[in-house]
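[1] sequence? don't have it. structure:
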Ligand SMILES: C[S@@+](CC[C@H](N)C(=O)[O-])C[C@H]1O[C@@H](n2cnc3c(N)ncnc32)[C@H](O)[C@@H]1O
C-alpha cells in the first residue's frame, strides 16, 4: 500500500525487487513450490527465481496487466478468493505483498485453503492493530513478526515516480497450526533501498 490521496482500486503498489530479495534472504525458507498470491510486477516471484533457481512458482493476480504472472510457471489471472484450492495442494511456501484492503480476507483464505504452506506477507505494522482484527489474531496469531528497520519505496502503474512510504512495514509469518506465541525480530536494512542490481536481475526480465 502507499500514501496517495487517490488509491489504486487494486492496490497495485509494487515491492522493489531488491527489497523482495533482501526479505526472502531473511526468511529461512526451505521450499520447492512457492505461491505469490497477488503477484503484481512479480517482485517476490523474481526474488524466488534468484534465490531458489529450481523452484516451481505459482502466481495469481486479478489484474490482466500484472506482468509478474509471466515470471511464474503456473499463472492464474483471477481473484484469489475464487481460485480452486486444489491448484495449490503442492505449495509449500506463500510469499508476497497482498492488496492491503483485502489482506485479512486473503490471509484467512490462504490459512484455510492452503494449510500445509507457510505464509509470509509484507504488511504495514498497523495491520497488527485494530478492533476488527484483534479477535482473529487471538484465533490465529502469526508465528513471527519481522520488522523492517527501513521504509519502502513502492512503485506501480498509478504511482508517479518513486516515493518512500510514510508507514513502517513488517513481514508477518504463519507456519503450520496455531502459534503458541509470536516471536518478534528485526530485518536490518542492508540491501533495502539499493538501486535494482541489473546484474542480479537481468536474466529474469
Ligand atoms: C500491493 S500489490 C503487490 C504486488 C506484488 N505482490 C509485490 O509485492 O510487488 C497487490 C496486488 O494484488 C492484486 N490484487 C488485487 N486484488 C486481488 C485479488 N482479489 N486477487 C488477486 N490479486 C489481487 C493487484 O492487482 C496487485 O498486483
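    Nice, I can see it. All figures in this text were calculated on a predicted structure; none of them were measured in a lab.

[2] Tell me which stretches of the chain form helices.
    Listed in chain order, the helices of the chain (DSSP state H) span residues 17-25, 43-51, 103-113, 131-139, 198-201.

[3] now the ones you listed as TSV including mean neighbour count, distance to the ligand and mean pLDDT?
    Heads up, the C-betas are built off the backbone N, CA and C, glycines and all. Compiled in TSV, these are given as follows (neighbours: other CB atoms under 10 Å; distance: least, CB to the nearest ligand atom, whole Å; pLDDT from 0 to 100):
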stretch	mean neighbour count	distance to the ligand	mean pLDDT
helix 17-25	22	6	94
helix 43-51	24	4	97
helix 103-113	18	7	98
helix 131-139	10	18	92
helix 198-201	11	14	42
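
[4] okay if I get those helices as TSV plus distance to residue 175?
    Supplementary listing: the helices of the chain in TSV, determined by distance: least, CB to CB, whole Å:
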stretch	distance to residue 175
helix 17-25	16
helix 43-51	18
helix 103-113	11
helix 131-139	15
helix 198-201	29
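
[5] Nearest to residue 179, out of those?
    helix 131-139 (10.1 Å; CB to CB).

[6] counting contacts, what elements does the closest one pack onto?
    Of the remaining helices and strands, those touching helix 131-139 by 3 or more CB pairs under 8 Å, 6 or more residues apart in numbering; DSSP states H and E are helix 103-113.

[7] What is the helix it packs on packed up against?
    When contacts are defined as 3+ CB pairs under 8 Å, 6+ apart, helix 103-113 packs onto strand 118-124, helix 131-139.

[8] Just want the angle from it to strand 118-124.
    The directions of helix 103-113 and strand 118-124 differ by 180 degrees, with axes from the mean of the first three to the mean of the last three CA atoms, to 10 degrees as the criterion.

[9] chain center to helix 103-113: distance?
    Distance of helix 103-113 from the chain centroid (CA atoms, centre = their mean, to the nearest Å) equals 13 Å.

[10] Stretch 73-90 too?
    Counting by CA atoms, centre = their mean, stretch 73-90 is centred 16 Å from the centre of its parent chain.

[11] what's that stretch in contact with?
    33, 35, 37-38, 56-64, 66, 69, 102, 105-106, 109-110, 113-114, 116-117 (CB atoms under 8 Å, 6 or more residues apart in numbering).

[12] how about 6 Å then?
    For stretch 73-90, the surrounding residues in contact (CB atoms under 6 Å, 6 or more residues apart in numbering) are 33, 35, 37, 56-60, 62, 64, 69, 106, 109, 113-114.

[13] Of these, grab the buried ones for ChimeraX.
    What follows is the ChimeraX syntax selecting those of the contacts of stretch 73-90 that are buried according to 16 or more other CB atoms under 10 Å:
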select :33,35,37,56,57,58,59,60,62,69,106,109,113,114
